[in-house]
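[1] fold the stuff below for me.
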Amino acid sequence: MTTINAEGLHYRELNDLIHEAIDGGETEFTVDHVVGQRYIGAGLREGVRLLLNGVPGNDLAAFMNGSEIVVNGNAQDGVGNTMNAGRIAVHGDAGDLLGHSMRGGRIFVEGLTGYRCGVHCKAFADQLPIIVVGRTAGDYLGEYIGGGIAVILNCEDVEESPVGRYAGTGMHGGALFVRGQVADHQLGAEVAITETDDDDWALLSSLIAEHCAEFDMDPGKFRRSEFIKLYPFSTRPYSKLYSY
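    Below you'll find the model as predicted:
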């Protein structure tokens, strides 16, 4: 395993060190003293594992294609931007645009995330992007989502809704699962609410187990009856804007 001290390094210097080592055959890294360096893990191929100690900057794992990244700390905006495959675990909070345009892989966040979590996520063939957030999410959860799954676990049992306003605005595919209540006025115009069915709960149970194993939590805390499902009632919510 290669250990890199990122203290004082420009983000280009740090990323060059990582990619040079990968070109030399290295597959496992510990990167210490990460402080805001952008694009870490961008475009990484399958088989690489990064352990980041600190707070990585914007667009962590952008376009990543099968690697694994574990963050011991918070992460800034755009984690998993247009990610194709792989796994990210953030032992802290994540900023805005978590999983922006994500096309595959899994992201687990121990704490909360900001605005526009899961915006423009989409699924294709056997690729299914999945985001699991331990605490809460801000406004525009799942905005324009066309495929994939986002789960808000509300681990701290907040009494108010664990998501913000405009959840699912422009949604035309995928599903949002929320442990807690979401009022009608918080929803995008294209979204309906239902209970989870057997298939939903089978998937949720698996994701909850993986989340809890990563963050040392008890999966027995969660009950099917506590979750609601947000889904689009139309696959073409803006069809009236077009001539065909």
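
[2] what's I107 sitting at in phi/psi?
    Listed backbone geometry of I107 is phi -120, psi 130, with angles given as degrees, to the nearest 10.

[3] how deep is G188 tucked in, by neighbour count?
    Other residues lying near G188 total 20 when counted by other C-beta atoms under 10 Å. Using the backbone N, CA and C atoms, a C-beta is placed for each residue, glycine as well.

[4] look up the closest residue to it, ignoring the ones flanking it.
    Leaving aside its chain neighbours, G188 sits nearest to T169 (3.3 Å; criterion: C-beta to C-beta, 6 or more residues apart in numbering).

[5] confidence score at the one you found?
    According to the predicted model, the pLDDT of T169 comes to 95.

[6] correct me, but it touches Y140?
    Yes: using C-beta atoms under 8 Å, T169 is in contact with Y140, at 6.0 Å.

[7] pick out whichever of those two has more residues nearby.
    Neighbours per residue, other C-beta under 10 Å: of T169 and Y140, the larger number sits with Y140, 24 against 21.

[8] that one falls within a strand, correct?
    No: residue state for Y140 (DSSP: H, G, I helix; E, B strand; the rest coil) corresponds to coil; a strand is not indicated.

[9] picking that back up, for the residue nearest to G188, helix, strand, or coil?
    The three-state assignment at T169 reads coil, by three-state DSSP.

[10] please shift the residue numbers so they start at 21 in all later answers.
    From this message on, residue numbering opens at 21, which makes the last subject T189.

[11] distance of it from L64?
    In this structure, T189 and L64 are 32 Å apart, going by C-beta to C-beta, to the nearest Å.

[12] could you report the neighbour count for I213?
    A total of 17 residues lie near I213 under the criterion other C-beta under 10 Å.

[13] and it, backbone torsions?
    Backbone dihedrals for I213, given as degrees, to the nearest 10, come out at phi -120, psi 140.

[14] beta partners for it?
    Here I213 sits in beta bridges with L250, going by DSSP bridges.

[15] how much space separates it from I24?
    I213 sits 46 Å away from I24 when distances are taken as C-beta to C-beta.

[16] ranges for the helices of the protein?
    In the chain, helices defined by DSSP state H lie at 31-43, 218-235, listed in chain order.

[17] what's the mean pLDDT across the longest one?
    Just to be clear, that refers to helix 218-235. Helix 218-235 comes out with an average pLDDT of 98.

[18] before we move on, the earlier item: mind putting the helices of the chain into JSON lines with mean neighbour count?
    What follows is the helices of the chain, written out as JSON lines (neighbours: other C-beta atoms under 10 Å):
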{"stretch": "helix 31-43", "mean neighbour count": "15"}
{"stretch": "helix 218-235", "mean neighbour count": "16"}
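
[19] I'd like those helices laid out as JSON lines, including distance to L70.
    Supplementary listing: the helices of the chain in JSON lines, determined by distance: least, C-beta to C-beta, whole Å:
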{"stretch": "helix 31-43", "distance to L70": "7"}
{"stretch": "helix 218-235", "distance to L70": "15"}
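
[20] can you check which of those gets nearest to G98?
    In terms of C-beta to C-beta, the element of the helices of the chain nearest to G98 is helix 31-43, at 13.4 Å.

[21] tell me what that closest one is packed against?
    Taking 3 or more C-beta pairs under 8 Å, 6 or more residues apart in numbering; DSSP states H and E as the contact definition, the neighbouring helices and strands of helix 31-43 are strand 22-25, strand 48-55.
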